[in-house]
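K.L.:
Model the structure of this input:
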Amino acid sequence: MTDIAYCGPPPGAAELIGRWNFDPWLLLAFVAASIAWRLSARGRSLADTRAFTGAMIVLAIAFISPLCAATAALFSARVVHHVLLVAVAAPLLALAGVCGGKGSASNPVALPLVIAIGIFYAWHAPPLYAAALEAPAVYWLMQASLLASAAWFWACVFRPATPPATALLAILATAASMGLLGALLTFAPQPLYVAHLVAPYAFGLTPLDDQRLAGLIMWVPALVPYLVLAGLATRRWACSASRADAGARL
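P.N.:
Next comes the predicted model:
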């Protein structure tokens, strides 16, 4: 079994609750990000600040809470971790205005959509997944690329210039790609990830059960954030159109 490079060795079920990650470099990164936000907060709205705070809370859950240790044992926990990154933290960062939202003139979301989906699929290919768990540098490359590509995608989705139909189709495509990967994992006939061939037994799961649970999480619960974000995007566009219409009447 492969040891997990960053989150430590797989915990047992009884010790999981005590496995908080207080890595000083990680905590320093959180503090530095918060200070940088405070220094750049002039002119930002309360909604921006709330979105940034929400993103930091989600990232803390992903990297500081016992979820980090759980990902060392369970592939299903790793999937929850990745869903939090790409479907919760990333759109919150985009809404906070942390990242730019530039796409091509003809289709503002096509390129970030393809890149974000490609990166997500690539890191769930067993060889790359194993490499990420064997070296801290590759592990953080995985985390950073997942978060950055997803944040870029969501920033492009939420751009005022992005046509609502285009953005909604992009959200649907991303959700469908998540569901497809979930289905592939659910119906795979054998375990695919060497790092999770033993540790799931401590939680009463076989490796195949754990993998199928991960697939089901991608297939069903992970789609909920996309539905919420599609509704939020629709509401934002409706409000913008209403304000523009009101301005035109004045």
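
K.L.:
To what extent is Trp123 buried, counted in neighbours?
P.N.:
Number of residues near Trp123 (other Cβ atoms under 10 Å) recorded here: 18. (Glycine included, C-beta is placed from N, CA and C.)

K.L.:
Hmm, it is touching Leu146, no?
P.N.:
Yes. Trp123 lies in contact with Leu146 (Cβ atoms under 8 Å); the separation is 6.4 Å.

K.L.:
any common contacting residues for those two?
P.N.:
His82 (Cβ atoms under 8 Å, 6 or more residues apart in numbering).

K.L.:
what sits against Val98?
P.N.:
With Cβ under 8 Å, 6+ apart as the criterion, the residues that contact Val98 are 37, 52, 55, 151.

K.L.:
just curious, which of these is nearest to Val86?
P.N.:
For Val86, the closest of these turns out to be Ala151, at 8.7 Å, with distances computed as Cβ to Cβ.

K.L.:
Tell me how far that closest one lies from Ala195.
P.N.:
Between Ala151 and Ala195 the distance, using Cβ to Cβ, to the nearest Å, works out to 27 Å.

K.L.:
more crowded one of these two?
P.N.:
Shown here are Ala151 and Ala195; by other Cβ under 10 Å, Ala151 has more neighbours (27 against 24).

K.L.:
helices or strands up against the one helix or strand the more buried one maps to?
P.N.:
Using DSSP states H and E, Ala151 sits in helix 136-157. Identification of packing neighbours for helix 136-157 by 3 or more Cβ pairs under 8 Å, 6 or more residues apart in numbering; DSSP states H and E yields helix 90-95, helix 110-123, helix 126-134, helix 164-186, helix 223-249.

K.L.:
most neighbours per residue, which of the ones you listed?
P.N.:
Mean neighbour count, computed with mean count of other Cβ atoms under 10 Å, is highest for helix 90-95 among the helices and strands packed on helix 136-157, reaching a mean of 25.

K.L.:
What is the end-to-end distance of stretch 158-171?
P.N.:
Distance between the boundary residues of stretch 158-171 (Cα to Cα, to the nearest Å) amounts to 11 Å.

K.L.:
out of everything not next to it in sequence, what's closest to Ser34?
P.N.:
If the residues on either side of it in the chain are set aside, Ser34 comes closest to Met56, at 6.7 Å by Cβ to Cβ, 6 or more residues apart in numbering.

K.L.:
Val224 is in contact with Ala175, correct?
P.N.:
No. With contact defined as Cβ under 8 Å, Ala175 does not reach Val224; the gap is 9.7 Å.

K.L.:
Now the common contact residues for the two.
P.N.:
Taking Cβ under 8 Å, 6+ apart as the contact criterion, Ala175 and Val224 have no common neighbours.

K.L.:
low pLDDT regions in the protein?
P.N.:
The model of the chain has pLDDT under 70 over residues 1-5, 100-107, 240-250.

K.L.:
which among the contacts of Val98 end up buried?
P.N.:
Among the contacts of Val98, those that count as buried by neighbour count (16 or more other Cβ atoms under 10 Å) are 37, 52, 55, 151.

K.L.:
and the first one, which of the three is it?
P.N.:
Local secondary structure at Trp37 is given as helix here, using DSSP: H, G, I helix; E, B strand; the rest coil.

K.L.:
repeat for the third one
P.N.:
Three states are possible here, and by three-state DSSP the one that applies to Ala55 is helix.
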